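Got a predicted model here, sequence first, then my questions.
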Amino acid sequence: MTQSVDHETVVSRLLGADEILILCHKNPDGDTIGSGAALCLAMQRLGKTAAVLCSDPIPAMYSFLPITVFDGSFTPRFVVAVDVAGIQLFGDRNNMPEYAEHVDLCIDHHGSNSGYAYETLVDDTAAATAELLTALIPEMGIEITPDIAACLYTGIATDTGCFRFTNTTATTHRAAATLIEAGADVEKLNEHLFECRSHARMAAERMALESLEFYYEDRCALICLTWDQIQAAGVAGAELEDLTSLPRSIEGVEVGLTLRQQKDGSYKISVRTGHSTNACNIARRLGGGGHARAAGCEISGNLDNAKHAILDEVKKELDRSASLNAADTNL
């Protein structure tokens, strides 16, 4: 069982470590990549050997970040995971299982973190793991350089939908202000992350919208992309992350579901919900997790099975939410 630790302990562990391997989760997004790259740069500024490892290739949309990818040139003596809530999220390529079995420290913002590391810092009030690192890096006596600031801003901005999602807090904005003051060029970063979509990404969005279905008196909307469609569009997985907000953005929709088939045939399901419905409750019952308004899980089997499983859990959560609202009204 993991030991929960505070900032002071994390700082002590990192300052005392060397030959540091930083693990990101599979299908990497801006938070895990940005957090990993920022922590790696910070450790290198202290003269330590550090590198980042991910089971999947770093998406091209994050190629502008200065990432030292682990090439096996040193033997890791301290393993850190960033933004990885469960061991099943590491993936199985690049010798990842070997390192994932012995994670010394996990830094995360998911309340559903399974406690797989020897020591864990989890703060589920943080909008992103990068938000935690924006505080932790200066606590180690390390200056946030423009490069580190760009990495951390990428993590915060992508996990908050450019500060639009409900996980955005005053602390999140203060962290962003710190990064701007440290040299993050937010105009260029925001343009790159949110305003530039490839032709492949637009083709995938068109196919996803053609699959749009409504359930439970239009309170739930679902879109789907099969692996064949993703391959036909030629779009990288990271470019599809913002598709998850599309179903929930429809008027009257309380639960938005995005199903993306993986290469092995399983379905990665993203759940986005409104204020009265808990996305994490839906995903957790299917072996996933996340946050109250944004969560996810993976389901094996064909598309019909995946739809049936997730829609059953959506109905349970919508019914639970309706019952609570009815009880409040009767008070």
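Good, I have the coordinates.

which ones are touching the closest residue to residue 15 other than its chain neighbours?
Nearest residue to residue 15 in three dimensions, chain neighbours excluded: residue 140, at 6.0 Å (CB to CB, 6 or more residues apart in numbering). No exception for glycine: its C-beta is placed from N, CA and C like everyone else's. Applying CB atoms under 8 Å, 6 or more residues apart in numbering, we find residue 140 in contact with 11, 14-15, 42, 46.

Which of the residues you listed sits closest to residue 100?
Closest approach between these and residue 100, by CB to CB: residue 14, at 19.0 Å.

Where does that closest one fall, secondary structure wise?
helix 7-15 (DSSP states H and E).

contacting residues around that helix?
5, 20, 39, 43, 46, 78, 80, 104-105, 107, 119, 121, 135-136, 139-140.

Now the buried members of the residues you listed.
The neighbour-count test (16 or more other CB atoms under 10 Å) marks 5, 20, 39, 43, 78, 80, 104-105, 107, 119, 121, 136, 140 as buried among the contacts of helix 7-15.

rewinding a little: against residue 43, how distant is the residue nearest to residue 15?
Distance from residue 140 to residue 43, counting by CB to CB, to the nearest Å: 9 Å.

With residue 119 instead?
Look at residue 119 and residue 43: by CB to CB, they are 17 Å apart.

try residue 239
For residue 239, the distance to residue 43 (CB to CB) stands at 29 Å.

now swap in residue 32 and tell me
According to CB to CB, residue 32 stands 17 Å off from residue 43.

thinking again about what came up before, mind listing what's buried along the helix holding residue 14?
Buried residues in helix 7-15, counted by 16+ other CB under 10 Å: 10-11, 13-14.

Then stretch 123-132?
123, 126-132.

Throw the residues you listed into TSV and include distance to residue 152, pLDDT and secondary structure, thanks.
Output for the buried residues of stretch 123-132, formatted as TSV (distance: CB to CB, whole Å; pLDDT from 0 to 100; DSSP: H, G, I helix; E, B strand; the rest coil):
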residue	distance to residue 152	pLDDT	secondary structure
123	15	97	coil
126	12	97	coil
127	12	96	coil
128	9	97	coil
129	10	98	helix
130	5	98	helix
131	8	98	helix
132	10	98	helix
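
Which positions in the lengthiest helix in the chain come out as buried?
Counting residues, the longest helix found in the chain (DSSP state H) is helix 303-330. Going by neighbour count (16+ other CB under 10 Å), the buried part of helix 303-330 is 306-307, 309-311, 313-315, 317-318, 321.

and if you look at stretch 275-293?
The neighbour-count check on stretch 275-293 (16+ other CB under 10 Å) flags 277-284, 286, 288-293 as buried.

Quick check: the two most widely separated of those residues?
The widest separation within the buried residues of stretch 275-293, taken as CB to CB, falls between 286 and 293 and amounts to 17.2 Å.

how about the strands of this structure, start to end?
Ranges of strands within the chain are 3-4, 20-23, 50-53, 78-82, 105-108, 119-122, 213-215, 220-225, 255-261, 267-273, 289-290, 294-299, based on DSSP state E.

Quick check: can you name the pairing partners of the fifth one and their directions?
So the one you mean is strand 105-108. Strand 105-108 has its sheet partners listed here by DSSP bridges as strand 78-82 (parallel), strand 119-122 (parallel).

Do I have it right that residue 110 meets residue 291?
Yes - between residue 110 and residue 291 there is a contact under CB atoms under 8 Å: 7.0 Å.

can you list residues touching both of these two?
residue 124.
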